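Novice: I'd like to go over a predicted model; first the sequence, then the structure.
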Amino acid sequence: DAMVIQNPRYQVTQFGKPVTLSCSQTLNHNVMYWYQQKSSQAPKLLFHYYDKDFNNEADTPDNFQSRRPNTSFCFLDIRSPGLGDAAMYLCATSRELGNEQFFGPGTRLTVL
Amino acid sequence: GEDVEQSLFLSVREGDSSVINCTYTDSSSTYLYWYKQEPGAGLQLLTYIFSNMDMKQDQRLTVLLNKKDKHLSLRIADTQTGDSAIYFCAEVGTGRRALTFGSGTRLQVQP
């Protein structure tokens, strides 16, 4: 059974057109993370939520925002996607900070 | 800052053992993980080891940790073509919220 679900799996958007990626979890974990992974690179943490507390990484561009309306769902909003934002976006959850993280299948974003 | 390094590529023949190596710099690492990523997919947690352990075995997987040298390895016995993927080593230390990933090792299994 899927535990971390991401929708859509593939997203195509135009340069500058806002896009929202979705993540949901059935694990009831406290922490949800968003990572950006570019080709042949390690995932890079953008931000995470511990419950309702939002924590942004220092080098995450302002173009990226996130919302967590409840325990199960977390959204990644890209306000004005640029060509450099094309990547795989991975959502992950963990019970507590520092515990093992469980990843979703990712959303591959293409920017035209 | 924390750093995790892996070799980029490993090629083995089907049926042989694969050993993927990882080194890290943070002496406060508490958990060390191995993730597998197949093409176009997310990361699948394979196994992990606590920093107070030397070895962990799980079916075909053996994780060895040398805490003194800050060296972690993943051995896959009887490697199959389905094991072809990128393997990421990751660690997290006390008080840190995020995993630090290595750059990944691409394992190619030749029939």
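Specialist: On my side now, so go ahead. Residues are numbered from 1 along each chain as shown, chains lettered A, B, ... in the order given.

Novice: Distance of the residue lying closest to residue A:4 once chain neighbours are set aside relative to residue A:98?
Specialist: Using Cβ to Cβ, 6 or more residues apart in numbering or on different chains and skipping residues adjacent in sequence, the residue nearest residue A:4 is residue A:104, 3.8 Å away. From N, CA and C alone the C-beta is placed, and that goes for glycine too. For residue A:104, the distance to residue A:98 (Cβ to Cβ, to the nearest Å) stands at 20 Å.

Novice: Compare these two and say which is more crowded by neighbours.
Specialist: Each of residue A:104 and residue A:98 has its neighbours counted (other Cβ atoms under 10 Å in any protein chain shown); residue A:104 has more, 24 against 18.

Novice: which ones are touching that one?
Specialist: Residue A:104 makes contacts with A:4-6, A:23, A:90-92, B:42, as judged by Cβ atoms under 8 Å, 6 or more residues apart in numbering or on different chains.

Novice: what about residue A:105, distance to residue B:59?
Specialist: Residue A:105 is 23 Å from residue B:59, by Cβ to Cβ.

Novice: Pick out whichever of these two has more residues nearby.
Specialist: Shown here are residue A:105 and residue B:59; by other Cβ under 10 Å, residue A:105 has more neighbours (19 against 8).

Novice: Which residue, neighbours along the chain excluded, lies closest to the residue in chain A that chain B sits nearest to?
Specialist: Minimum separation of chain A from chain B (Cβ to the nearest Cβ) falls at residue A:42, amounting to 3.8 Å. If the residues on either side of it in the chain are set aside, residue A:42 comes closest to residue B:101, at 3.8 Å by Cβ to Cβ, 6+ apart.
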